[in-house]
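**Q** Here is a sequence together with a model predicted from it:
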Amino acid sequence: MTNSMPDSLDANSFYIEGPDIADAKAPQVPIERRWEERRFGARLVNPANRRKLSVIIVGSGLAGASAAATLGEAGYNVACFCYQDSPRRAHSIAAQGGINAAKNYRNDGDSVYRLFYDTVKGGDFRARESNVYRLAEVSVEIIDQCVAQGVPFAREYGGLLDNRSFGGVQVSRTFYARGQTGQQLLIGAYQALERQIAAETVAMHTRHEMLELIVVDGRARGVVIRDMVTGGIETHFADAVVLATGGYGNVFYLSTNAVGCNVTATWRAHRKGAYFANPCFTQIHPTCIPVSGEHQSKLTLMSESLRNDGRIWVPKRGEDKRDPRKIPEQDRDYYLERIYPSFGNLVPRDIASRAAKNVCDEGRGVGPGGLGVYLDFADAIARLGRPAVEGKYGNLFSMYAQITGENPYQTPMRIYPAVHYTMGGLWVDYDLQASIPGLYVTGEANFSDHGANRLGASALMQGLADGYFVLPNTINDYLADGPFPKVAESHPAAVEAVQAVRARIDKLLSVNGSRTVDSFHKELGRVMWDYCGMERSEEGLRKALNRIRELKKEFWSDVRVLGTNEELNQALERAGRVADFFELGELMCIDALVRRESCGGHFRVESQTPDGEALRDDDEFAYVSAWEFGGDDRRPVLHKEPLVYEYVEMKQRSYK
Ligand SMILES: Cc1cc2nc3c(=O)[nH]c(=O)nc-3n(C[C@H](O)[C@H](O)[C@H](O)COP(=O)(O)OP(=O)(O)OC[C@H]3O[C@@H](n4cnc5c(N)ncnc54)[C@H](O)[C@@H]3O)c2cc1C
């Protein structure tokens with residue numbers, strides 16, 4: 001079979017199947033001993049030799065800053081890059097609700113094993129057991145590390161660290177700092193990073209965007225960077241490269257992510273040979289402020305922690321348009337409490353999102369366009385008093401009031417699901433190494449530990465686990481073979497990468513068409529949301545693929561990017577990112593098309609039970625899909641990593 005792209009839209013003709021892959025790094029010992037065994041088995045680099053080795057880290061959010069600080073402290077020469085004007089502005093700062101850890105401070109039956117179990121089950125059995133177990137194990141160390149750094153976690157009356165619950169679990173294991181957990185954790189990581197910058201083990205480059213990976217003799221050896229202020233194109237080389245560049249939820253245009261979040265770094269690495277895993281696994285978060293009109297460029301999350309005390313409901317009858325405060329109890333449907341009595345409002349995000357979509361599809365949604373459900377605090381205020389509710393959630397309530405003009409202490413909030421997080425990302429083995437030797441990927445940028453659905457408060461845990469504890473223990477094993485031969489700027493691989501970056505920038509600036517970058521992005525986002533969002537069908541995905549390809553062509557012939565390269569040019573920055581989103585969007589739809597099962601929040605209409613519930617297909621789809629770039633206008637190659645569950649029995653999830 002040739003590898004060229006088909007003209008027809010026959011479902012199986014979009015890709016080629018390659019050989020299966022496997023993680024070869026997790027030791028074959030009982031799961032509770034795997035991490036210890038790997039740490040012991042990984043080679044070490046003695047402190048004197050670390051000074052001779054260099055590491056590039058792209059990204060200084062929680063995953064990148066923690067890794068840079070830790071590797072700097074260990075004595076490696078680290079160069080760290082981010083596109084913001086300060087590491088403190090990474091998207092991690094937006095995280096509100098909290099971070100999980102199996103500390104069992106509440107003595108409510110929590111344990112490393114239970115966190116592992118909840119996460120595997122919550123991910124709908126599409127995550128790798130070894131990684132998830134390690135994540136649960138390391139979670140307890142993260143809290144100690146952050147407390148030692150001075151992160152001001154909320155405390156109980158007696159002074160102990162407080163905990164709350166998040167969806168998909170029945171214990172309280174979420175540590176938090178009011179509604180600003182990400183900000184406080186990031187300040188902790190940032191100060192550790194700053195210390196290393198002052199000690200000159202880390203060179204920090206802000207407002208520098210990575211546009212290409214340099215691969216020499218099959219190893220990741222450097223990056224091509226654009227100085228976003230001057231437009232200067234630079235090359236940087238090292239013995240290893242780490243990508244900690246966050247998630248790609250903005251392929252949907254509207255999401256809760258910061259507007260700058262993008263896929264460029266990981267996509268460029270993918271084009272150079274790194275496999276992209278589970279691209280279609282996107283998390284739709286159930287509690288976001290509903291879309292209010294065409295003018296919006298971003299959506300706002302209302303933290304999941306609100307579901308601890310807020311009750312979700314819609315009127316029993318769609319025609320009931322009364323002020324919610326005037327709707328009596330008997331006319332309300334607390335549908336999550338009704339359908340899922342054991343977890344109630346704390347079902348996992350995928351379940352809560354789909355349930356909200358279902359009641360809105362039935363015509364019972366509230367607010368403009370009927371795309372909203374109520375999140376009501378009247379009971380909590382009556383039970384706990386307003387000061388207690390304000391103490392826990394005050395900043396979230398005021399954010400809601402500022403955005404909607406409504407007072408959530410008096411009238412229920414309106415919420416609706418929105419794109420929030422991407423479980424897909426670059427494929428990595430147990431060491432967090434991608435399929436290109438010397439390339440490591442951490443945080444949201446890797447396909448990570450969350451399977452088809454991430455439980456709340458586990459992204460911060462994973463980013464910090466990767467950066468503070470996992471990577472610093474595994475990357476040594478690779479660096480022990482270094483230092484590798486120096487790479488000169490004149491090396492053909494570097495020259496080729498720089499030329500590719502320049503050619504792309506020139507092309508974007510020379511099209512001189514009639515449409516703005518944003519108009520293309522918006523249209524792509526709409527296609528992705530309609531056909532590759534919460535509900536997917538074979539027919540819809542084919543339609544989407546067709547439209548994305550047309551749009552991509554139109555983009556390259558009709559986009560208008562004003563200004564020049566040699567200046568601060570946000571239109572140019574955005575154009576490059578949107579161009580990569582087109583390619584990613586196509587792969588996401590192909591991945592979704594191939595996965596003919598409903599799993600996580602991804603409902604495939606062809607795969608449902610007779611009563612309309614999501615139906616997973618473990619016989620066919622219990623694998624990680626790891627995509628190899630096939631070439632421009634050529635089919636991608638699918639490598640499957642079969643998932644084996646030795647510890648958690650695979651069964652249809654039930655939260656009833
Ligand atoms: C509103 C909101 C609330 C959330 N709340 C929670 C929560 O309560 N608990 C939880 O566990 N998770 C939460 N999450 C998820 C969590 O915040 C993120 O998954 C996590 O912070 C990602 O961290 P990261 O370090 O991987 O990436 P980011 O924080 O996104 O950092 C990416 C870094 O990469 C850099 N970068 C990217 N591309 C390039 C490039 N090409 N060149 C140079 N630099 C580049 C950026 O400058 C940045 O420094 C929330 C997410 C959102 C959107």
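**A** Here it is on my side, so go on.

**Q** need the helices for the stretch 251-400 of the chain, in chain order.
**A** 264-271, 335-339, 349-361, 378-384, 386-404 (DSSP state H, counting those that start in this stretch).

**Q** The helix ranked longest in the chain packs against which elements?
**A** Determined from DSSP state H, the single longest helix within the chain is helix 570-594. Judged by 3 or more C-beta pairs under 8 Å, 6 or more residues apart in numbering; DSSP states H and E, helix 570-594 is in contact with helix 264-271, helix 492-510, helix 517-532, helix 538-558, strand 623-628. Yep, even glycine has a C-beta here, placed from its N, CA and C like the rest.

**Q** got the angle for it vs helix 517-532?
**A** 10 degrees (axes from the mean of the first three to the mean of the last three C-alpha atoms, to 10 degrees).

**Q** buried ones in helix 570-594?
**A** Within helix 570-594, the residues that count as buried by 16 or more other C-beta atoms under 10 Å are 571-594.

**Q** Can that helix be said to contact the ligand?
**A** No - contact of helix 570-594 with the ligand is not found when judged by C-beta under 6 Å from any ligand atom; the minimum separation is 8.3 Å.

**Q** Please work out the angle formed by the directions of that helix and helix 264-271.
**A** Going by the same axes, to 10 degrees, helix 570-594 makes 50 degrees with helix 264-271.

**Q** pLDDT averaged over helix 570-594, what's the number?
**A** Averaged over helix 570-594, pLDDT sits at 98.

**Q** Distance check, the residue of the stretch 101-250 of the chain found nearest the ligand against T422.
**A** Per C-beta to the nearest ligand atom, G246 is where the stretch 101-250 of the chain lies closest to the ligand, at 2.6 Å. From G246 across to T422, the span is 9 Å (C-beta to C-beta, to the nearest Å).

**Q** between the two, what contacts are shared?
**A** Residues touching both G246 and T422 by C-beta atoms under 8 Å, 6 or more residues apart in numbering: E444.

**Q** Show me what from the stretch 1-150 of the chain comes close to the ligand.
**A** Residues of the stretch 1-150 of the chain lying near the ligand (C-beta under 6 Å from any ligand atom): 58-64, 81-84, 90-92, 94-99.

**Q** Give me the ChimeraX select line for these, limited to the buried ones.
**A** Written as a ChimeraX command, the selection of buried residues from these, which uses 16+ other C-beta under 10 Å, is:
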select :58,59,60,61,62,63,64,81,82,83,84,90,91,92,94,95,96,97,98,99
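
**Q** Next, H91: phi, psi?
**A** With angles defined as degrees, to the nearest 10, H91 sits at phi -60, psi -30.

**Q** right, and it touches A244 too?
**A** No - using C-beta atoms under 8 Å as the test, H91 is too far from A244 to be in contact (11.4 Å).

**Q** Which neighbours do these two have in common?
**A** Between them, H91 and A244 have G61 as joint contacts when contacts are counted by C-beta under 8 Å, 6+ apart.

**Q** Next one: L587 relative to M528, how far apart?
**A** Distance of L587 to M528, given as C-beta to C-beta: 12 Å.

**Q** swap in F166?
**A** F166 is 27 Å from M528, by C-beta to C-beta.

**Q** go on, Q84?
**A** For Q84, the distance to M528 - C-beta to C-beta - is 25 Å.

**Q** And for P408?
**A** To M528, P408 is 30 Å away according to C-beta to C-beta.

**Q** now swap in P324 and tell me
**A** P324 is 32 Å from M528, by C-beta to C-beta.

**Q** What of L254?
**A** L254 is 10 Å from M528, by C-beta to C-beta.

**Q** can you check P152 too?
**A** 38 Å.

**Q** next one: F175
**A** Separation of F175 from M528 (C-beta to C-beta) stands at 34 Å.

**Q** What is the distance between whatever helix or strand Y416 lives in and the centre of its chain?
**A** Element membership for Y416, per DSSP states H and E: strand 413-422. Relative to its chain's centre, strand 413-422 lies at 14 Å (C-alpha atoms, centre = their mean, to the nearest Å).

**Q** what about that strand and the ligand, touching?
**A** Yes - Strand 413-422 reaches the ligand (C-beta under 6 Å from any ligand atom) through 420-421.

**Q** Between F175 and M528, which is the more surrounded one?
**A** Counted by other C-beta atoms under 10 Å, F175 and M528 do not tie: F175 has more neighbours, with 28 against 24.

**Q** helix/strand/coil for the spatially closest residue to S165 that is not a sequence neighbour?
**A** Leaving out its chain neighbours, the residue that sits closest to S165 by C-beta to C-beta, 6 or more residues apart in numbering is S172, at 4.9 Å. Here S172 is coil, with the state taken from DSSP: H, G, I helix; E, B strand; the rest coil.

**Q** R106 is in contact with S172, correct?
**A** Yes - the pair S172 / R106 is scored as a contact, 4.7 Å apart, by C-beta under 8 Å.

**Q** any common contacting residues for the two?
**A** N163.

**Q** and A203, which of the three is it?
**A** strand.

**Q** for it, what are its contacts?
**A** Contacts of A203 by C-beta under 8 Å, 6+ apart are 77-80, 197.

**Q** What is the nearest of those to P417?
**A** Distances from P417 to the contacts of A203, taken as C-beta to C-beta, are shortest for C80 (34.5 Å).

**Q** What's the local residue count around that closest one?
**A** With neighbours defined by other C-beta under 10 Å, the count for C80 comes to 29.

**Q** between the helix or strand in which it is found and helix 264-271, how many degrees?
**A** In this assignment (DSSP H and E), C80 forms part of strand 77-81. Computed by the same axes, to 10 degrees, the angle separating strand 77-81 from helix 264-271 equals 110 degrees.

**Q** Can you list the helices and strands that strand 77-81 packs against?
**A** Using 3+ C-beta pairs under 8 Å, 6+ apart, strand 77-81 sits against strand 54-58, helix 62-74, strand 202-205, strand 208-216.

**Q** The third one and the ligand, are they touching?
**A** It stands for strand 202-205. No - using C-beta under 6 Å from any ligand atom, strand 202-205 stays clear of the ligand, with a minimum separation of 8.5 Å.

**Q** Could you please name the strands that strand pairs with and the direction of each pair?
**A** Applying DSSP bridges, strand 202-205 is found paired with strand 77-81 (parallel).

**Q** Could you report the separation of the residue of the stretch 401-550 of the chain found nearest the ligand from S458?
**A** Nearest residue of the stretch 401-550 of the chain to the ligand, counting by C-beta to the nearest ligand atom: G443, 2.4 Å away. In this view, G443 and S458 are 12 Å apart by C-beta to C-beta.

**Q** Looking at those two, which one has more neighbours?
**A** More crowded of G443 and S458, by other C-beta under 10 Å: G443, with 33 against 29.

**Q** Wait, that one touches Y468, no?
**A** No - taking contacts as C-beta under 8 Å, G443 lies outside contact range of Y468: 11.5 Å.

**Q** contacting residues around the closest residue in space to Y253 that isn't next to it in sequence?
**A** Closest residue in space to Y253, ignoring its immediate chain neighbours: G525 at 2.5 Å, by C-beta to C-beta, 6+ apart. G525 makes contacts with 250-254, as judged by C-beta under 8 Å, 6+ apart.

**Q** what's the most distant pair in those residues?
**A** In the contacts of G525, two members sit farther apart than any others by C-beta to C-beta. They are V251 and L254, at 10.6 Å.

**Q** Of the two, which one has the most company?
**A** Shown here are V251 and L254; by other C-beta under 10 Å, V251 has more neighbours (29 against 21).
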